[in-house]
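Colleague: Structure for the following, please:
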Amino acid sequence: IPWDSWDNEEMNIETRSRCPTPPLSLLVRLCYSIIGWLNLNPNNVAFIMCREEHRSTILAACFLRFSNECMSTSEAYARVLDTRQKIATSKGNTSSLRKASQAMDPPPMTSSLKMLFTNFDIYMVNKQAPEP
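Modeller: Alright, predicted model coming up:
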């Protein structure tokens, strides 16, 4: 898709946090924005890109859970990582795409990431953030 055909239809989210695990409230807002955009027109497409390492993987996993493509955020995370690995090893892809995908080692499943995924799953069930 040529970049100039997008008609500047992009959403830039600036965060002040340098934490590798984005806040739950931000992830929920982004998921609502993405699903709203996709529901506006069947031709709409959403690209998730982030300057910070691994945040796009986390958001993609949360979106898969949010859109009920996966039963848990951990399952969705594994699916995103598996898809990335398939892209990296596919013979049909350009070498630059394979290199870019290989260069992004998956973020380790830290305790903060596990807690985020647990809290996101709780949010999906209760439609409210869990109590601290």
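
Colleague: For the chain, which segments count as helices?
Modeller: Under the criterion DSSP state H, the chain contains helices at 24-40, 55-66, 73-89, 95-103, 111-126.

Colleague: Most tightly packed of the ones you listed?
Modeller: Each of the helices of the chain was scored by mean neighbour count; the highest is helix 55-66, a mean of 22, by mean count of other CB atoms under 10 Å. All C-beta atoms are positioned from the backbone trio N, CA, C, and that covers glycine.

Colleague: Show me what that one is packed against.
Modeller: helix 24-40, helix 73-89, helix 111-126 (3 or more CB pairs under 8 Å, 6 or more residues apart in numbering; DSSP states H and E).

Colleague: so who does residue 42 touch?
Modeller: For residue 42, no contacting residues are found, by CB atoms under 8 Å, 6 or more residues apart in numbering.

Colleague: Phi, psi for it please.
Modeller: Torsion angles at residue 42 (phi, psi; degrees, to the nearest 10) stand at phi -60, psi -10.

Colleague: sorry, back to before: adding mean pLDDT and distance to residue 59, write the helices and strands packed on helix 55-66 out as JSON lines.
Modeller: As requested, the helices and strands packed on helix 55-66 are exported to JSON lines (pLDDT from 0 to 100; distance: least, CB to CB, whole Å):
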{"stretch": "helix 24-40", "mean pLDDT": "92", "distance to residue 59": "6"}
{"stretch": "helix 73-89", "mean pLDDT": "85", "distance to residue 59": "9"}
{"stretch": "helix 111-126", "mean pLDDT": "93", "distance to residue 59": "11"}
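
Colleague: nearest to residue 49, of the ones you listed?
Modeller: Closest to residue 49 of the helices and strands packed on helix 55-66 is helix 24-40 (CB to CB; 12.3 Å).

Colleague: angle of the closest one against helix 111-126?
Modeller: Here helix 24-40 points in a direction 50 degrees away from that of helix 111-126 (axes from the mean of the first three to the mean of the last three CA atoms, to 10 degrees).

Colleague: who's in contact with helix 24-40?
Modeller: Counting by CB under 8 Å, 6+ apart, 11, 13, 15, 44-46, 48, 58-59, 62-63, 66-67, 116, 119-120, 123, 129 sit against helix 24-40.
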